[in-house]
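[1] Fold the following.
(one chain, ligands or ions: 3)
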Amino acid sequence: MSVEEGRASLLSAIRGPQDLKRLSAEELVLLSAEIRDFLVAKVSRTGGHLGPNLGVVELTLAMHRVFDSPRDRFLFDTGHQSYVHKIVTGRQAGFDQLRQRGGLSGYPSRAESEHDLIENSHASTALSYADGIAKAYALRRENRSVVAVVGDGALTGGMCWEALNNIATARNPLVIVVNDNQRSYAPTIGGLADHLSSLRLNPGYEKVLDLVKESLGSTPLVGKPLYEVLHAVKKGIKDAVAPQAMFEDLGIKYVGPVDGHDIAAVESALRRAKNFRGPVIVHAVTRKGYGYRPAEEDDADRLHGPSSAFDVETGKLLAAPSVKWTHVFADELVAIADERPDIVGITAAMSEPTGIATLARKHPDRVYDVGIAEQHAATSAAGLAMGGLHPVVAVYATFLNRAFDQVLLDVAMHKLPVTFVLDRAGVTGPDGPSHYGIWDMSVFGVVPGMRIAAPRDSATLREELREAIAVDDGPTIVRFPTGSVAADLPAVRRVGPVDVLTEGRQKDVLLVAIGAFGHLGIEVATRLGEQGYGVTVVDPRWVRPVPAELVTLAAAHRLVVTVEDGVRTGGVGDALAKALRDADVRVPLKDLGVPNEWHPHGNRAQILADLGLTAQDVAREVTGWVSRLDEAASSTESLGAEAAAPAPQTKGR
Ligand SMILES: Cc1ncc(C[n+]2csc(CCOP(=O)(O)OP(=O)(O)O)c2C)c(N)n1
Ligand SMILES: CC(=O)[C@@H](O)[C@H](O)COP(=O)(O)O
Ligand SMILES: [Mg+2]
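    Numbers count the residues shown, from 1 in each chain. Ligands and ions are numbered 1, 2, ... in the order given. The predicted structure is shown next:
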């Protein structure tokens, strides 16, 4: 059988993990190569997390050969590295629709498979889940293994250490596979990364220990003294060769480092871990993008997550480059930082994706990468502000959710000048519900003293970023969506902070188009204008607290409609409705936005269409509402006319 034929037959014969257990060492090597070919072939057409998954092929195969999923539970921290797990658990066919509406999720999905558990794509959660599950199995006396795969990047997240603290004292059997590929997107930062490299660079003290045991001969333990000698030797060796094996000092056994691409070595380590009756870390050293040269040579992020189809030969995206919201932000931030030495940037392990890297290239001493640690990012920003600087914290909108308390009490309560720039705000899409950035205008809108800006295009992004950074008595947020920036949309006039984008001859509808929905608003006004209705479209620019000028504008119209790329519950529409009530302005308000639900993966445009957030759908809705107002008005008029006219003569009563 040729290698190619050999390859073609192996993967196609894998229907489930049981099929892995009968493979020989040679077949496993062939299968690993075939899986890499499969990953590159499929992800090059759909986009997705290629680098992380190329790095866990052998690791995942070894896990499924040593343990028995789904009886034994597999937890993937962040979940972006679960493609191989999906391939060997019966989902190869789904990869043609990876991350597409109705297709395979890019993360574990309980709806897809009994083998999947954690669906949240936010990092650093797996060990907490694992601690809980292990406690449940202990209490229920269920003899099942819990295996958590956590990346070196995810380990920089605080929750991991909260979990390890508990795992150590709970002492339940629990296998923690540290997938140490030395990178998040960029090389993983911090003391932990240094510690892992110190462990990588030292021969595992287990190996040295084995050498000592061999040199002592296979003398059976003849009693306490010899055991104590051996144990003292082991302690000394550990201190000598793994100077800071902090995991063991925490009370968690450490196995490794092991070559994460050597299936036999990983299996051996996992079997030891499986048989160890307590918490154990298996430190697997892997390479992100392993086996695919364009990924291995990608200095930016080892092809961490190409957002769409790419050329297999080069790894380069096929889509023509466009100006992204992120680029506009990054350029303006550098311009501002050039003018103001007090401006510093913070990223949570996403320097390139958020544009902070652009600032770092110009002012390397004024950028801090805190690791995947958004809570720390917020409160260390508070510290930087207390120290006289104005930090700009750039994160994806969804990731700031976990730092609500820090934003509320460490930043806002102290009235500190920190600007949070939320990229990927609103409906995102391919990464599924836990990546939607739809909560910020509601959640952070309630923070006293917080001011939130939602630019509609490049010009307003630059302008509102400057306005935000100029605020020195409290926090600000500037939020914008994923993808290409909208074409500039000039205002016809400005009322306070509010831009009027167009106005009709009569004031039938005030359409409040928030953020990137400015163009949608203009199109809706055009459609309604064709039906004879006058629509004033405004962009508030600063959306929380809602500008008082919106109340005044509303009072002059028959109907107010708000459209926002965020949840309706507690959103801008809700806040404006409250403002109208408080001002006793009795104009009906209809708020359009994202329902407060879990929305599926797909692409942004499709999802917005599914939610009725298109110009055509909004125009149809508004037409219905305003024509009902007409009907009500005309029936009131006719009722009025009837009331004025003599009552029609009726035959005696
Ligand atoms: C709370 C949170 N912040 C940021 C991210 C974005 N993110 C996704 S994967 C990743 C890097 C993860 O690095 P690591 O855990 O080492 O996994 P690897 O990709 O190296 O396999 C980051 C920062 C996230 N998913 N969750
Ligand atoms: C899991 C992960 O890496 C996410 O943060 C996400 O995939 C980023 O996607 P985009 O940068 O393409 O929005
Ligand atoms: Mg990593």
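[2] which SS state does residue 300 fall under?
    In three-state terms, and counting by DSSP: H, G, I helix; E, B strand; the rest coil, residue 300 is coil.
[3] cool, residue 334 as well?
    helix.
[4] which residue sits closest to the residue of the stretch 51-200 of the chain found nearest ligand 2, ignoring its sequence neighbours?
    Going by C-beta to the nearest ligand atom, ligand 2 is nearest to residue 80 of the stretch 51-200 of the chain, at 4.2 Å. In this view, the C-beta of every residue, glycine as well, is placed from N, C-alpha and C. Leaving aside its sequence neighbours, residue 80 sits nearest to residue 49 (C-beta to C-beta, 6 or more residues apart in numbering; 4.1 Å).
[5] number of nearby residues for that neighbour?
    The burial count assigned to residue 49 is 24, neighbours taken as other C-beta atoms under 10 Å.
[6] I'd guessed it sits against residue 301; true?
    No. Assessed by C-beta atoms under 8 Å, residue 49 is found out of contact with residue 301, at 10.5 Å.
[7] Residue 95 - nearest residue in space that isn't next to it in sequence?
    Of all residues beyond its chain neighbours, the one nearest residue 95 is residue 42 (4.0 Å), with distances taken as C-beta to C-beta, 6+ apart.
[8] Mind checking if stretch 283-292 is in reach of ligand 3?
    No. Contact between stretch 283-292 and ligand 3, assessed by C-beta under 5 Å from the ion, is absent, since the two come no nearer than 6.1 Å.
[9] Please see if that stretch touches ligand 1.
    Yes. When contact is scored as C-beta under 6 Å from any ligand atom, part of stretch 283-292 falls within range of ligand 1: residue 288.
[10] So that stretch, near ligand 2 or not?
    No. Using C-beta under 6 Å from any ligand atom, stretch 283-292 never reaches ligand 2; the gap is at least 11.9 Å.
[11] Enumerate the residues of the stretch 201-350 of the chain near ligand 1.
    Residues of the stretch 201-350 of the chain lying close to ligand 1 by C-beta under 6 Å from any ligand atom are 288, 304, 348, 349, 350.
[12] For the residues you listed, which two are the farthest from each other?
    Greatest spacing in these, by C-beta to C-beta: 288 and 348 (18.3 Å).
[13] re the thing from before, neighbour-wise, which one of the residues of the stretch 201-350 of the chain next to ligand 1 leads?
    residue 348 (30 neighbours).
[14] mind checking how far that one is from residue 370?
    Going from residue 348 to residue 370 by C-beta to C-beta, to the nearest Å gives 6 Å.
[15] what is in contact with those two at once?
    Residues touching both residue 348 and residue 370 (C-beta atoms under 8 Å, 6 or more residues apart in numbering): residue 377.
[16] pretty sure residue 322 belongs to a helix, no?
    No. Judged by three-state DSSP, residue 322 forms no part of a helix; its state is coil.
[17] wait, isn't it in contact with residue 487?
    No. Counting by C-beta under 8 Å, residue 322 sits too far from residue 487 to count as a contact (11.3 Å).
[18] where does the residue of the stretch 51-200 of the chain closest to ligand 2 sit relative to ligand 3, distance-wise?
    Counting by C-beta to the ion, to the nearest Å, the gap between residue 80 and ligand 3 amounts to 10 Å.
[19] these two touch, right, that residue and residue 51?
    No. Taking contacts as C-beta under 8 Å, residue 80 lies outside contact range of residue 51: 9.5 Å.
[20] where do the helices sit along the stretch 351-500 of the chain?
    Using DSSP state H, counting those that start in this stretch, the helices found in the stretch 351-500 of the chain span residues 351-354, 356-362, 374-386, 397-400, 404-405, 440-443, 458-470.
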